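Undergrad: A predicted structure for the sequence below; I have some questions about it.
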Amino acid sequence: MNRVLFPGRFQPFHNGHLSVVKRLLEGFDEVVIAIGSAQEGFTCRNPFTAGERLEMIARTLKEEALFEKAWLIPVPDINMPMAWTTYALSLVPRVSSIASGNPHVLELFKWTGFKTIRVELVEPDKYSGAYIRQLILEGNEYWRKLVPNAISRYIDEVNGAERIREVCRNEHSRN
Ligand SMILES: Nc1ncnc2c1ncn2[C@@H]1O[C@H](COP(=O)(O)OP(=O)(O)OP(=O)(O)O)[C@@H](O)[C@H]1O
Ligand SMILES: NC(=O)c1ccc[n+]([C@@H]2O[C@H](COP(=O)(O)O)[C@@H](O)[C@H]2O)c1
């Protein structure tokens, strides 16, 4: 079984992420999605918990008929970047390669001797978690066009837009 690890915060999972997963599955049997910063949730930068991210990504992959080929594993941060790579690898099924668009993450895994794959960013001005959270914060419904339908529905279900406005407002007023 040839598997590739794809780590990210997925706050939220968007169409850029989905297109990477599809592309990776052209070359690998399975993709292991590491839901990073798993300890985070209910903050402006990380509004969704690991469990919520897991559930919304799972629903998306089911709708895309990709769920059978994917693993979803929450991975907390630790305050030791070099140790984080082996920590992450210890929590997931065995992989042969690591895919990321983040040069820092690729450097860390290269150091461990793992094969790394630099993924091309798909329209990063549009498909970016930060941009999507900003649109939600502003009440601009265009964000729905940038994420799979299952993500948009899930965010409604958990009152995600209201949550983002609330936690961002609170953090802003504290600073
Ligand atoms: N538009 C995109 N196309 C392809 N890959 C992407 C895109 N945006 C992010 N990625 C990659 O997906 C992985 C997970 O990214 P991450 O969860 O940080 O998303 P992000 O949109 O960059 O988030 P944020 O803006 O919140 O930092 C990383 O390897 C990242 O480089
Ligand atoms: N020291 C650490 O804990 C460490 C190091 C590198 C990446 N990570 C995590 O891996 C994920 C990588 O995702 P991005 O490529 O989206 O930044 C993030 O959740 C990030 O916090 C953690």
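TA: Good, I have the coordinates. Numbers count the residues shown, from 1 in each chain. Ligands and ions are numbered 1, 2, ... in the order given.

Undergrad: tell me which element P7 falls in.
TA: strand 3-8 (DSSP states H and E).

Undergrad: which strands or helices does that strand pack on?
TA: Packing partners of strand 3-8 (3 or more Cβ pairs under 8 Å, 6 or more residues apart in numbering; DSSP states H and E): helix 15-27, strand 30-35, helix 81-91, strand 97-100. To be clear about C-beta, it is placed using only N, CA and C from the backbone, and glycine gets the same treatment.

Undergrad: need those in JSON lines with mean neighbour count and mean pLDDT, can you?
TA: Formatted as JSON lines, the helices and strands packed on strand 3-8 follow (neighbours: other Cβ atoms under 10 Å; pLDDT from 0 to 100):
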{"stretch": "helix 15-27", "mean neighbour count": "17", "mean pLDDT": "98"}
{"stretch": "strand 30-35", "mean neighbour count": "24", "mean pLDDT": "98"}
{"stretch": "helix 81-91", "mean neighbour count": "15", "mean pLDDT": "96"}
{"stretch": "strand 97-100", "mean neighbour count": "22", "mean pLDDT": "98"}
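
Undergrad: and W143, how many neighbours?
TA: 22 (other Cβ atoms under 10 Å).

Undergrad: great, nothing more from me.
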